[in-house]
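[1] Show me how the following folds:
(chains A, B, C and D)
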4 protein chains.
Amino acid sequence: MLQAAIISKPLKPELATILADLIAWLKAHNYGYLLDPDSAVYLNAPNAVERTEMPSHNPNLVIVLGGDGTLLAAARAFARTTIPILSVNLGSLGFLTEIPLSDLYPTLEAWCHNCAEIEVRSMMHASLIRNGDVIQRWDALNDVVVAKGTIARMGDFSVEIDRQLVASFRADGIIVSTPTGSTAYNLAANGPIVMPNVNALLVTPICPHLLTIRPIVVPGESTVSVHVVGVPNEIYLTVDGQEAIELQLDDYVHCQRSEAAVRLLRHQPNGLFSVLRSKLKWGER
Amino acid sequence: MLQAAIISKPLKPELATILADLIAWLKAHNYGYLLDPDSAVYLNAPNAVERTEMPSHNPNLVIVLGGDGTLLAAARAFARTTIPILSVNLGSLGFLTEIPLSDLYPTLEAWCHNCAEIEVRSMMHASLIRNGDVIQRWDALNDVVVAKGTIARMGDFSVEIDRQLVASFRADGIIVSTPTGSTAYNLAANGPIVMPNVNALLVTPICPHLLTIRPIVVPGESTVSVHVVGVPNEIYLTVDGQEAIELQLDDYVHCQRSEAAVRLLRHQPNGLFSVLRSKLKWGER
Amino acid sequence: MLQAAIISKPLKPELATILADLIAWLKAHNYGYLLDPDSAVYLNAPNAVERTEMPSHNPNLVIVLGGDGTLLAAARAFARTTIPILSVNLGSLGFLTEIPLSDLYPTLEAWCHNCAEIEVRSMMHASLIRNGDVIQRWDALNDVVVAKGTIARMGDFSVEIDRQLVASFRADGIIVSTPTGSTAYNLAANGPIVMPNVNALLVTPICPHLLTIRPIVVPGESTVSVHVVGVPNEIYLTVDGQEAIELQLDDYVHCQRSEAAVRLLRHQPNGLFSVLRSKLKWGER
Amino acid sequence: MLQAAIISKPLKPELATILADLIAWLKAHNYGYLLDPDSAVYLNAPNAVERTEMPSHNPNLVIVLGGDGTLLAAARAFARTTIPILSVNLGSLGFLTEIPLSDLYPTLEAWCHNCAEIEVRSMMHASLIRNGDVIQRWDALNDVVVAKGTIARMGDFSVEIDRQLVASFRADGIIVSTPTGSTAYNLAANGPIVMPNVNALLVTPICPHLLTIRPIVVPGESTVSVHVVGVPNEIYLTVDGQEAIELQLDDYVHCQRSEAAVRLLRHQPNGLFSVLRSKLKWGER
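    From the prediction side, this is the model:
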């Protein structure tokens, strides 16, 4: 029996009904389902499966009900699989999760009939190197940020590309992002928009003291390294906007395109630019 | 007897000799002097005076030996006095403390002969309002920064000018700066340079999610308020790059031009633009 | 008899009715009126008065029907008078002419009862110096732009403030603007917003080759000079977006706050920030 | 006999000696040579060959003596060949032509011994479409610029990628650049740096009135089209900074990666970032 893994954002009252309807649809179509703990709460269902455990149940489809944050979490959990994700945005339209609730059932129908679109978004692999050892690894869909902590004082960083020094400078921090992440934090830090099908990574300084540094678009085959060369105050690493890891002097963060990727399901081709025009109020004609 | 208050940056080995020479000069010219604890360390002198206690001794002159940070600290300590400050920059030329060590004695000589230049730099007064009460106050020479803490997730702020809403937006933070501070953090956050004799405050968003917001130059008579309207994570207040105070939901930070000012002593008129040309590599002709 | 001078934008069909109604209102209230040639066309009226001739008729009020461009032209014509201007914006809301058509009669009524608001917007005086002689002068409400001509190749400029060199650099051009003009071309060139009541001028480079140069806010008492120091191709001067004057090597353009000012009439206080929030989609709360 | 085509910048007096030495070296190594008209002037040589005629003589190597402009012209002339270009920069170090004069003979020696590095820089093909017909074509190494003419008033443009509308907006203009051109005009217009080996084109608005538009990095396989949708004043097309072509309402400029490429010769691997660090004063470590 085909099976869907359902992941929900907590504390959205409207999800109780939406989930009940979705379960009914799945049963009517003879699908099984797994509920993550947040989904189970809405339904008072007894048997929740932790998100990180879900891939081992080999579901055929992941259904995400929430916002960009919920999708980022689901993407990390399923990064090393090829299971497609149908992601519904319940709030204001996100850059990532462009399917509104009204497209949920049309997309499920399309998927049943094997005619849904799958858009592959490449991810990035990051590793933290301390004293020559890899001490932690992550997959990121959007970005890896190395930045100062609470005091409004700059950190001191070097950027290397394929082990060659690019520049050393003081800044609030540095964003390394995927093309997908170019419309996230990078946009606020004055970086360019990179179309998802460009094979590249993007390095964007955050409030650099060095006025001549610029966002740099790097080939997708390259390794971008951020080297912490001065710590006037705490420096933190944040992956996809999740919890922060404190860094130490001389830590390196290496970022590379990952073999992992997210497969986003739609019932019609995605119009990146129509999302941008709508969200950024770009002119229509 | 005229008296000089001496404030030094710690941990600069060359200061031992510089201070010994300065003391000899002061004695030879029949001046008294006060040493702050950091200065006393270099000289093994027993009687240090805390910086915050120095103004009550009514010195006639403050001599600062260090960098921009040392001057910022001295400026706060003497903000409510009219005592002039002779500030020597021992490191790379700062925007604020433009006198190199070679100008120390020419400036002291000029001061003895009442022919030194005094440049008045206006300061800003900030107060933190919680539940309708002023709970803390500061004088700032450069800037007041309200910004997110360790996690790379945005805060939610409103800016008001004279109690009228300007805009509400998500951002890493907001800088309110004096004209003097316009060449500090503001410059890294893409703000304009404001000449010190413009009667104005400057409000600069840091990495705003709202792409249409811009730095705003406000009349010197206005009150700029930053209102913390959402705290997805910790928000901190930093004054002149010093220690950070954690803010709470619904806190207000009010900023106004202060009646306090710093009187910087020079032996010749200050060339702001020659400093900028040198530091920012602007073209000469 | 009190008299209104009427200035209209050409080629707006709806103006035939609007003007007929306005004339009826003026007659009913016992006012005289002057029509500029563009207004006369809509009414088939025989006796038009050139805009530049209108001030010599000493009207008590100027009524502008059009957009920002029409107001900029009217402002120049009446710059050296104290006659208030009631400016109606018929198109999309402009930054300058914030009165919609629906406010026309309420504002006229307020003016009749001496209870209209008058907002004074300071202007800028520009003069072109060639070989030591002033060869032309202008009053500008928004900005004076010195910029390259048709070929996409940079010019070479120096900026001086009160005859002191600020910087020399290659760029597409330089904008010198009033606070009012800060929301015009300056905004597109990445300059800050300067509130109208700040006593300042604003110098903004357009696409500078020198990456460290920034917009500079200058005291209202200063003279800003743009010096043409290299002409790899033609360089032009444009005042308030009107016709372009070709400049020569070594020309100087001096800009100062003008004693001229525009008096804008409203029936209620102007909310600059509500206009900005509306036009720039800044967040409400 | 192997043959070198020599292209020189005019009006550089030092070139007389440099060229005489180069000719002597070529003769001593048994090479033939072709002189372009500018080179011939320095040597009083009778037989110059027009640059556009040079490719038909099938030289084995092109030697360019000048600056970025001379190389851009040589690149266009040899775009449809595979002949390598050895480009010496005689002025301030350019972004493109990074070989100083001191590297001329080491690079020639390396080339003789077949151990020179060849760096391939991809070019862009542009075509101007009017009323459905291609009326002109160009190869560009740096950029294609569609921008307003002399008056400081904006044009009205649409950008399409693969015939899909991206955005319509008013601006001074639009730059479409290759990765190589990302360090040229694009940098002044606040665009990112794109490494030469990224397979992409870059679209950068110049002073857009629409504050939310950003530089966009597009896959190298895409066609970027700039559509002239409003002509409040003249609009011009400039290719690699050369002469300007006036555009008309409804003209389209299509830009694609070209099959043409430039082969730049060096005696050691090119350090893009060491050039950037030197030119942009990026910090060393």
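[2] Skipping adjacent residues, who's closest to residue A:100 in space?
    residue A:89 (6.5 Å; CB to CB, 6 or more residues apart in numbering or on different chains). Any C-beta I mention is one placed from the backbone N, CA and C, and that applies to glycine too.
[3] Same question for residue A:253.
    Nearest non-adjacent residue to residue A:253, counting by CB to CB, 6+ apart: residue A:226, 4.7 Å away.
[4] Quick check: the one you found is in a strand.
    Yes. Counting by DSSP: H, G, I helix; E, B strand; the rest coil, residue A:226 falls inside a strand.
[5] Surely it touches residue A:157?
    Yes. Using CB atoms under 8 Å, residue A:226 is in contact with residue A:157, at 5.9 Å.
[6] pLDDT weak spots in the stretch 151-285 of chain A?
    Scanning the stretch 151-285 of chain A for pLDDT under 70 picks out A:152, A:270, A:283-285.
[7] Revised request: answer the last question for the stretch 1-150 of chain A.
    For the stretch 1-150 of chain A, the stretches with pLDDT under 70 are A:92-94, A:97.
[8] The closest residue to chain B within it and residue A:125: what is the separation?
    Nearest residue of the stretch 1-150 of chain A to chain B: residue A:145, at 4.0 Å (CB to the nearest CB). To residue A:125, residue A:145 is 15 Å away according to CB to CB, to the nearest Å.
[9] Can you pull the phi/psi pair for the residue sitting nearest the centre point of chain A?
    Centroid-nearest residue in chain A, with CA atoms, centre = their mean: residue A:141, separated by 3.2 Å. With angles defined as degrees, to the nearest 10, residue A:141 sits at phi -90, psi -40.
[10] likewise residue A:107?
    phi -70, psi -40.
[11] I'd say it and residue A:86 touch.
    Yes. With contact defined as CB under 8 Å, residue A:107 reaches residue A:86; the gap is 5.6 Å.
[12] count of neighbours near the residue nearest to residue A:100?
    Applying other CB atoms under 10 Å in any protein chain shown, we find 23 residues neighbouring residue A:89.
[13] can you tell me which residues contact it?
    Residues near residue A:89 by CB atoms under 8 Å, 6 or more residues apart in numbering or on different chains: A:66-68, A:97-101.
[14] Of those, which belong to helices?
    Mapping those onto helices (DSSP state H) picks out residue A:68.
[15] Write a ChimeraX command that selects only the buried members of the contacts of residue A:89.
    Only the buried entries of the contacts of residue A:89 go into this ChimeraX selection, using 16 or more other CB atoms under 10 Å in any protein chain shown:
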select /A:66,67,68,97,98,99
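[16] Which members of the contacts of residue A:89 occur in strands, if any?
    In strands, judged by DSSP state E, the following of these are found: residue A:66.
[17] Reformat the contacts of residue A:89 as a markdown table; add distance to residue D:74.
    Shown next, in a markdown table, are the contacts of residue A:89 (distance: CB to CB, whole Å):
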| residue | distance to residue D:74 |
| --- | --- |
| A:66 | 56 |
| A:67 | 53 |
| A:68 | 49 |
| A:97 | 50 |
| A:98 | 47 |
| A:99 | 51 |
| A:100 | 54 |
| A:101 | 59 |
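[18] where exactly do the strands run in the stretch 151-285 of chain A?
    Remark: strands assigned in the stretch 151-285 of chain A by DSSP state E, counting those that start in this stretch are A:155-161, A:164-177, A:193-194, A:200-208, A:216-219, A:224-230, A:235-239, A:244-247, A:252-266.
[19] that older thread, can you name the two of the contacts of residue A:89 that are farthest apart?
    A:68 and A:101 (15.3 Å; CB to CB).
[20] which residues touch the helix or strand encompassing residue A:75?
    In the assignment (DSSP states H and E), residue A:75 maps to helix A:68-77. Residues outside helix A:68-77 that contact it (CB under 8 Å, 6+ apart): A:7-9, A:51-52, A:54-55, A:62, A:64, A:85, A:87, A:89, A:94-97, A:123, A:138-142, A:184, A:240-242, A:262.
[21] Relative to residue A:99, how far out is the residue nearest to residue A:91 when sequence neighbours are not counted?
    Excluding its sequence neighbours, the residue lying closest to residue A:91 (CB to CB, 6+ apart) is residue A:67, at 4.9 Å. Here the criterion is CB to CB. By it, residue A:67 lies 12 Å from residue A:99.
[22] Please apply the same query to residue A:265.
    Noted for residue A:265: a distance of 8 Å to residue A:99, by CB to CB.
[23] okay, and the common contacts of these two?
    Shared contacts of residue A:265 and residue A:99, defined by CB under 8 Å, 6+ apart, are found at A:86-87, A:107.
[24] Run a quick neighbour tally on the closest residue to residue A:48 other than its chain neighbours.
    In this structure, residue A:48 finds its nearest non-sequential neighbour in residue A:40, 3.7 Å apart by CB to CB, 6+ apart. Neighbour count of residue A:40, defined by other CB under 10 Å: 18.
[25] Now residue A:40: which helix or strand?
    Assigned by DSSP H and E, residue A:40 falls in helix A:37-43.
[26] Touching that helix from outside, list them.
    The contact list for helix A:37-43, computed with CB under 8 Å, 6+ apart, reads A:6-10, A:15-16, A:19-20, A:23, A:35, A:45-48, A:50, A:65.
[27] Among these, which are located in helices?
    For the contacts of helix A:37-43, the ones inside helices are A:15-16, A:19-20, A:23, with DSSP H as the criterion.
[28] now the angle between strand A:235-239 and the helix holding residue A:75, please.
    If you take axes from the mean of the first three to the mean of the last three CA atoms, to 10 degrees, helix A:68-77 sits at 80 degrees to strand A:235-239.
[29] chain center to the following helix or strand past helix A:68-77: distance?
    Where DSSP H and E defines the elements, the next helix or strand beyond helix A:68-77 is strand A:85-89. Computed by CA atoms, centre = their mean, to the nearest Å, the chain-centroid distance of strand A:85-89 equals 13 Å.
[30] How about stretch A:254-261?
    Offset of stretch A:254-261 from its chain centre (CA atoms, centre = their mean): 12 Å.
[31] close to chain B, is that stretch?
    No. Using CB under 8 Å from any CB of the partner chain, stretch A:254-261 stays clear of chain B, with a minimum separation of 14.5 Å.
[32] list the contacts for the residue in the stretch 51-200 of chain A positioned nearest to chain C?
    In the stretch 51-200 of chain A, the residue that lies nearest chain C is residue A:190 (9.8 Å; CB to the nearest CB). Applying CB under 8 Å, 6+ apart to residue A:190 gives the contacts A:204, A:215, B:190, B:207, D:190.
[33] Tell me which two in the residues you listed are the farthest apart.
    Going by CB to CB, the pair spanning the contacts of residue A:190 furthest: B:207 and D:190, at 15.5 Å.
[34] can you list the residues of the stretch 51-200 of chain A near chain B?
    Contact residues, the stretch 51-200 of chain A versus chain B (CB under 8 Å from any CB): A:145, A:147, A:149-154, A:171-173, A:185, A:187-190.
[35] and those residues, which of them are in helices?
    A:185, A:187-188.
[36] Just name the closest of those residues to chain B, please.
    Proximity of these to chain B (CB to the nearest CB) peaks at residue A:188, which lies at 4.1 Å.
[37] shouldn't that closest one be in contact with residue B:208?
    Yes. Using CB under 8 Å, residue A:188 is in contact with residue B:208, at 6.1 Å.
[38] Just the buried ones among the contacts of helix A:37-43, please.
    For the contacts of helix A:37-43, a burial check counting by 16+ other CB under 10 Å picks out A:6-9, A:15, A:19, A:23, A:35, A:48, A:65.
[39] For residue C:194, state which of those is nearest.
    residue A:9 (42.3 Å).
[40] What is the neighbour count of the residue lying closest to residue A:166 once chain neighbours are set aside?
    The shortest distance from residue A:166 to any non-neighbouring residue, by CB to CB, 6+ apart, is to residue A:159 (4.4 Å). Neighbours of residue A:159 under the rule other CB under 10 Å: 25.
[41] returning to what we had before: who has more neighbours, residue A:107 and residue A:86?
    Ranked by neighbour count (other CB under 10 Å), residue A:107 and residue A:86 place residue A:86 first, with 25 against 20.
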